[in-house]
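Enquirer: here is my input, please return the structure:
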Amino acid sequence: MTSGNQIRHGIEANWHQYLSKYGNLFSSKEIQGSSPPSVFVGTYGYPKVSVGPMLPPVHGETSILDMPEKWIGKSLEEIINFRLNLIRGIKNISSTQCEGRYIENLQEMAMSSSPTDTDIEFVKPTFPVTSIDEQSAPFGPLGKIKNAKFSSTHANSSIEKVYYDHDLKANDAIMKLYNSGIDISQIQKCFSIGMMGISRKLVPTKWSITATDDIISKTLMSQILEFDIIDSINIFSFSHIGNLFSIVLFPHRWLFEMQEAWHDGSSIGFGNDYEDAKGISHPPAIAGAYFAAKLAVAEFLFKIQKQAGVLVLREIQPEYAVPVGVWQVREGIREAMKQPALIAESIDSAIELATKKMSVSKNEWIREGKMLKLIQQKTITDFF
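Expert: Numbers count the residues shown, from 1 in each chain. You can find the predicted model right below:
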């Protein structure tokens, strides 16, 4: 088995080879390119935040560089390279400052329906990133902005309406965009850059991602709780970039547990959290992955107009050598639930099927989980 270190070092070596040809594009006091469009708000120093655009040193159709909804089927290396190619310009601004030409330019970029040509002059030259961290998501070069010019954009009309409606609460604005078919990644950017709500502020990107997933899933759940209970036990599975997902839906009023297991071939770690129909009342032990998974499952249940008990198992294998964000949990589970379901006659056989292709055994999942201990021996008739 190839270790995580070997995979990471291989990706890093290929990146160095790329930089040997194009590294000069990332080392300059000026950068011109087409932002996907992409904006970023940092957490460090909050309530003062570093905020600015991200763009590659090329012009053209660059939207794929920051559109996680299109990344299923891409390799881990391709996704890392998308990130490393984006140069981030920043200015330090109070989180309450949602007006002024600079922020308004970024808001126009966030609502754009296509890549935005951008020209940035930095205080000091930027330098290409040469190493990849196994603990944090990869990012490209960073530079403080001296001057920035943004080309005019074509705004998405749905986002534009929300932006100019200062009487619309942030939660309602998010749901309005979601129901209009706007990608979640774009909704998150608009929320982050202070475009929604009555009392607006800049929200660090990391927080806005989890908040958006939480708001949408919670809103869907308020309706799902009124639906009839599913009448069979269904198992869905999907694997990508070193993450294996299995989702078990069983006849029950809403219960949701997500379990994670990560291993490197010699040691293993577990994490989990769960909720009932009252929801979760504390920050999940597994952080944003919990809400990303819950959103993907809630979308499926809303689509089929059913409610269910839900068990999500996520095995993180050594091949997932570099974390790339909780988007991959949401998109991985979305993809899993597009696959044909396996049907089981009991919870025990469902767990057997759900863990069949995993390295972590059925008994290990049962031992570490909470909900499984209560339902493992039940047959389908026990739920009625």
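Enquirer: list the contacts for the residue most central in space within the chain?
Expert: What sits nearest the mean C-alpha location of the chain, by Cα atoms, centre = their mean, is Trp327, with 2.0 Å. Counting by Cβ atoms under 8 Å, 6 or more residues apart in numbering, Trp327 touches Pro68, Trp71, Ser185, Ile209, Ala292. (C-beta placed from N, C-alpha, C; glycine too.)
Enquirer: most neighbours among the residues you listed, which one?
Expert: Counting neighbours by other Cβ atoms under 10 Å, Ala292 comes out on top of the contacts of Trp327 with 28 neighbours.
Enquirer: surely that one touches Gly332?
Expert: No. Assessed by Cβ atoms under 8 Å, Ala292 is found out of contact with Gly332, at 9.0 Å.
Enquirer: residues contacting Met195?
Expert: Counted by Cβ under 8 Å, 6+ apart, Met195 has contacts Cys98, Gln107, Ala110, Met111, Ile159, Val162, Tyr163.
Enquirer: how much space separates Ser192 from Lys176?
Expert: 17 Å (Cβ to Cβ, to the nearest Å).
Enquirer: which one's more surrounded, those two?
Expert: Each of Ser192 and Lys176 has its neighbours counted (other Cβ under 10 Å); Ser192 has more, 26 against 18.
Enquirer: residue contacts, the closest residue to that one other than its chain neighbours?
Expert: Spatial nearest neighbour of Ser192, chain neighbours left out: Ser208 (3.8 Å); criterion: Cβ to Cβ, 6 or more residues apart in numbering. When contacts are counted by Cβ under 8 Å, 6+ apart, Ser208 touches Val41, Gln188, Lys189, Phe191, Ser192.
Enquirer: do the same with Glu299
Expert: Leu220, Arg334, Met337.
Enquirer: before we move on, back to that, ok, so of the contacts of Ser208, who is nearest Lys21?
Expert: Lys189 (31.0 Å; Cβ to Cβ).
Enquirer: any idea which element the closest one lies in?
Expert: helix 184-192 (DSSP states H and E).
Enquirer: look up how far Val324 lies from the closest residue to Ile241 other than its chain neighbours.
Expert: Of all residues not flanking Ile241 in the chain, Leu76 sits nearest, at 4.5 Å (Cβ to Cβ, 6+ apart). Leu76 sits 7 Å away from Val324, going by Cβ to Cβ.
Enquirer: tell me which element Trp15 falls in.
Expert: helix 4-22.
Enquirer: buried stuff in that helix?
Expert: For helix 4-22, the neighbour count (16 or more other Cβ atoms under 10 Å) marks Gly4, Ile7, Arg8, Ile11, Glu12, Trp15, Leu19 as buried.
Enquirer: tell me which of these is nearest to Lys146?
Expert: Leu19 (24.5 Å).
Enquirer: who's in contact with the closest one?
Expert: Contacts of Leu19 (Cβ under 8 Å, 6+ apart): Phe26, Pro128, Thr130.
Enquirer: now Ser136
Expert: With Cβ under 8 Å, 6+ apart, Ser136 has these contacts: Pro323.
Enquirer: report the secondary structure state of it.
Expert: Following DSSP: H, G, I helix; E, B strand; the rest coil, we place Ser136 in the coil state.
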